[in-house]
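Novice: give me a model of this one.
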Amino acid sequence: MKNVFRRNICSGSLLGILLGLTSCIESFEPKVASSAAGYLVVDGAINAQGVTTVRLSRTTPVNSKSKVPVESRASVAVETETGARYPLTETTPGTYTSAALQLPIGQRVRLAFKTASQQQYTSEFTAAKLTPALDSVTWRANRQGVQLYVSTHDETAAARYYRWEYEETWAFISAFYSLIELKNGVIGIRQEDIYHCWGNEKPTSIALGNTSRLSEDKVSAAPLALVLSTSPKLGIKYSVLVKQYALSQAEYDYWELLRKNTETLGTLFDPLPSQLSGNIHNVADAKEVVIGFVGAQTMTQRRLFIDSGELPRDWRQPTDYDKCVLDTLPRTKGGPKLEIKPQEFFRSNEYLPVGYFYLPGSSKEYILYSSADCVDCRRRGTNVKPSFWQ
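Specialist: The predicted structure is shown next:
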């Protein structure tokens, strides 16, 4: 059974719907109750020594094609058990961010917020944990691709439960380098590079580590993710930023159950999804279902770069531009003639000019062009070089 709710962070299947099975095996479309929509989802954790970011949204039915509704105009704050309060500001609709916090390790804190409809919610108080340094992020090429690994340890043995998340960035180029552009009705030299770009992705897979049954609080080369050898991300240069969080046992148990619900379900023969019990509650209605678990810890991170020259030579990464072709304006031969003026042809930005072309022995000028998707790399990323890029 697929996820019951559609969510950007794979938390849409936090609530399982039990399906009755008959003795016959037949194709069927499960009915999802409309009441399953609209549950509040809290995504984020308290960064005890840094910026805290929390996202508030609502679940939607699995068959809904609408965007995930965000919970905007809420009043959100981090509170300590001693009465201190640190407000969060709504930076984008549904996303709330604090100033850099400096909370003592071990201090009990919680998240508190009031929605625009005046409903009050709080998470349970939890002690802020110190996350140990992320010792290393390494990689190894195998038959499938690049396997990423993480290693860490805590000499005090106070961490024990870990979660990792990662963000990928990669360099890529479009199919054709454009030297000219149409600007203000005139074709001239292109001023902006739309050939070199960077892509970015934040995978939603859940990576956890548990050393509670080990004599040492040490994680050695735990598999984090696999980047397939055929991935365009590896074509030029690839970078991954890994963030590490030390969890309480209750928070770890929550994430482990969430992982099972979102990653191990798929057919009628898989285990049914389990009911997730978070630590966030409606102050006036304890029975209201609220999805999410707000922990408190510091965060450590490490970045890794992989150059394509370090990878096996027989690997071939598709560029996503394999079907791109160049044409000329006007056409040199074949197909319908294109005698339209360049200013009119390129005005819609559906096609972009690449450069000039001349047939051997002829002085007639042609303009090489292709579709904007093949020429402008900004269609698939950004041409602004990341500040961390090496």
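Novice: which stretches of the stretch 101-250 of the chain form helices?
Specialist: With DSSP state H, counting those that start in this stretch, the ranges of helices along the stretch 101-250 of the chain come out as 249-263.
Novice: can you give me the neighbour number for residue 318?
Specialist: If you count neighbours by other Cβ atoms under 10 Å, residue 318 ends up with 10. Using the backbone N, CA and C atoms, a C-beta is placed for each residue, glycine as well.
Novice: ok, now which ones touch it?
Specialist: Residues in contact with residue 318 (Cβ atoms under 8 Å, 6 or more residues apart in numbering) are 230, 232.
Novice: quick check, pLDDT for it.
Specialist: In this prediction, residue 318 carries a pLDDT score of 83.
Novice: any stretches of the protein with poor pLDDT?
Specialist: By pLDDT under 70, the weakly predicted segments of the chain are 1-37, 62, 264-274, 331-339.
Novice: where is the longest strand in it?
Specialist: Among the elements of the chain assigned as strand by DSSP state E, the one spanning the most residues is strand 161-173.
Novice: tell me which strands and helices that one is in contact with?
Specialist: Taking 3 or more Cβ pairs under 8 Å, 6 or more residues apart in numbering; DSSP states H and E as contact, the helices and strands that strand 161-173 lies on are strand 145-153, strand 196-201, strand 207-210, strand 218-228, strand 237-247, helix 249-263.
Novice: that strand vs helix 249-263, what angle?
Specialist: Here strand 161-173 points in a direction 50 degrees away from that of helix 249-263 (axes from the mean of the first three to the mean of the last three Cα atoms, to 10 degrees).
Novice: what comes up buried for strand 161-173?
Specialist: Neighbour-count burial for strand 161-173 flags 161, 162, 163, 164, 165, 166, 168, 169, 170, 171, 172 (criterion: 16 or more other Cβ atoms under 10 Å).
Novice: now tabulate these in CSV and tack on distance to residue 108.
Specialist: Putting the buried residues of strand 161-173 into CSV (distance: Cβ to Cβ, whole Å) gives the following:
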residue, distance to residue 108
161, 18
162, 21
163, 20
164, 25
165, 24
166, 29
168, 35
169, 36
170, 41
171, 44
172, 46
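Novice: just the closest of those to residue 123, please.
Specialist: Of all the buried residues of strand 161-173, the one sitting nearest residue 123 is residue 163; the distance, using Cβ to Cβ, is 16.7 Å.
Novice: for the closest one, which non-adjacent residue is spatially closest?
Specialist: Across the structure, with Cβ to Cβ, 6 or more residues apart in numbering as the measure, the residue nearest residue 163 apart from its sequence neighbours is residue 245 (4.7 Å).
Novice: any idea how far that neighbour lies from residue 220?
Specialist: From residue 245 across to residue 220, the span is 19 Å (Cβ to Cβ, to the nearest Å).
Novice: give the contact list for the residue nearest the centre of the chain.
Specialist: Central residue of the chain (Cα atoms, centre = their mean): residue 202, 2.3 Å from the mean position. Shown in contact with residue 202 (Cβ under 8 Å, 6+ apart): 165, 166, 167, 168.
Novice: if we go to 7 Å?
Specialist: The contact partners of residue 202, by Cβ atoms under 7 Å, 6 or more residues apart in numbering, come to residue 167.
Novice: over to residue 120?
Specialist: Counting by Cβ under 7 Å, 6+ apart, residue 120 has contacts 114, 283, 284.
Novice: after the host helix or strand of residue 76, next one along is what?
Specialist: Element membership for residue 76, per DSSP states H and E: strand 75-80. Scanning forward in sequence from strand 75-80, with DSSP H and E defining helices and strands, the next element found is strand 85-92.
Novice: for residue 71, which of the helices and strands packed on strand 161-173 is the nearest?
Specialist: For the helices and strands packed on strand 161-173, distance to residue 71 was read as Cβ to Cβ. The smallest value, 19.7 Å, belongs to helix 249-263.
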